[in-house]
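Trainee: give me a 3D structure for the following:
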Amino acid sequence: MHIALEKIQQLRQRGEHETARKHALELLQHQPLHADLHYLTACIHDNLGLEAAAIPHYQQALELGLSGDTASHAWLGLGSSQRALGQFAEAEASLRLGLQHFPENPALQAFLAMALYNRGQHKEATQSLLELLARTSGDETIQAYQKPIRFYAQDLDKTWAG
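Mentor: Here you go, the predicted structure:
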C-alpha cells in the first residue's frame, strides 16, 4: 500500500521534508497524472532549496489542470523558482501567464516586478510596485496619496515646468 497524499502533507507540515519528498516521488511513480501530487512535490523540493527539481513538478501540475488558489500558488512557485535560478526571462513569462489567470494576485505582481528588475526593466518594475502599493497598502498616508501615486506611476519620467 502506498502512502496517501494526506500523509505526505502531514510530513511536510511537521517539517519532515526529506521523508515527504521520498514518499511523494514514490507515489508519483504510481500516480503520474495527479496534479495536486505534482504541486505538493514541487513545494517540498522548494522547501529543501531544490528549485531546479521543483520546476518540472510545478509545470506538470499546471499542465494537468491544477485550479483555484492552488494554481495561483503553483504559478508563483514556478516563477519564483525560475527567478531564484537566474532564469529571468522564463520567470517573467511564467508570472505573466499566472497573472493572465489571476490578474489581481498581489504576490504574482510583486514577483513579476522582481523578475522585471532582474531583466533591466526598472521603469515597468517600479510602476508595477507603485500600483500594487497604492492598491493594497493599509497605511493611512499611502491611502491619502493613492490617487497621485497611481497618476505618477503611469509616467515616472514626466515632469512639469514650474
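Trainee: CA atoms for contacts and neighbours, from now on please.
Mentor: Will do.
Trainee: with only the CA atoms kept, save stretch 82-91 in CSV.
Mentor: Provided in CSV are the C-alpha atoms of stretch 82-91 (Å, rounded to 0.1, in the frame of the first residue of the first chain):
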residue,chain,number,x,y,z
GLN,A,82,12.9,30.2,-12.1
ARG,A,83,13.9,33.6,-10.9
ALA,A,84,15.9,32.1,-8.0
LEU,A,85,17.9,30.1,-10.5
GLY,A,86,18.6,33.2,-12.7
GLN,A,87,16.1,32.2,-15.4
PHE,A,88,14.7,35.7,-15.5
ALA,A,89,13.0,35.5,-18.9
GLU,A,90,11.3,32.3,-18.0
ALA,A,91,10.3,33.7,-14.7
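Trainee: against which helices or strands is the helix of greatest length in the chain packed?
Mentor: Using DSSP state H to define each element, the chain has its longest helix at helix 68-84. On a contact count with 3 or more CA pairs under 8 Å, 6 or more residues apart in numbering; DSSP states H and E, helix 68-84 meets helix 35-47, helix 51-63, helix 88-101, helix 106-118.
Trainee: Leu28 is nearest to which of those?
Mentor: Proximity to Leu28, assessed across the helices and strands packed on helix 68-84 by CA to CA, is greatest for helix 35-47 (7.1 Å).
Trainee: in the longest helix of the chain, what counts as buried?
Mentor: Under the neighbour-count criterion of 16 or more other CA atoms under 10 Å, helix 68-84 has 71-83 buried.
Trainee: go on, stretch 135-148?
Mentor: 135, 142, 146.
Trainee: what residues does the helix or strand harbouring Lys22 touch?
Mentor: Under the criterion of DSSP states H and E, Lys22 resides in helix 17-30. With CA atoms under 8 Å, 6 or more residues apart in numbering as the contact definition, helix 17-30 has outside contacts at 2-5, 8-9, 11-12, 34, 37-38, 40-41, 44-45, 47-48.
Trainee: repeat the analysis, applying 6 Å as the threshold.
Mentor: Helix 17-30 is contacted from outside by 8, 11-12, 41, using CA atoms under 6 Å, 6 or more residues apart in numbering.
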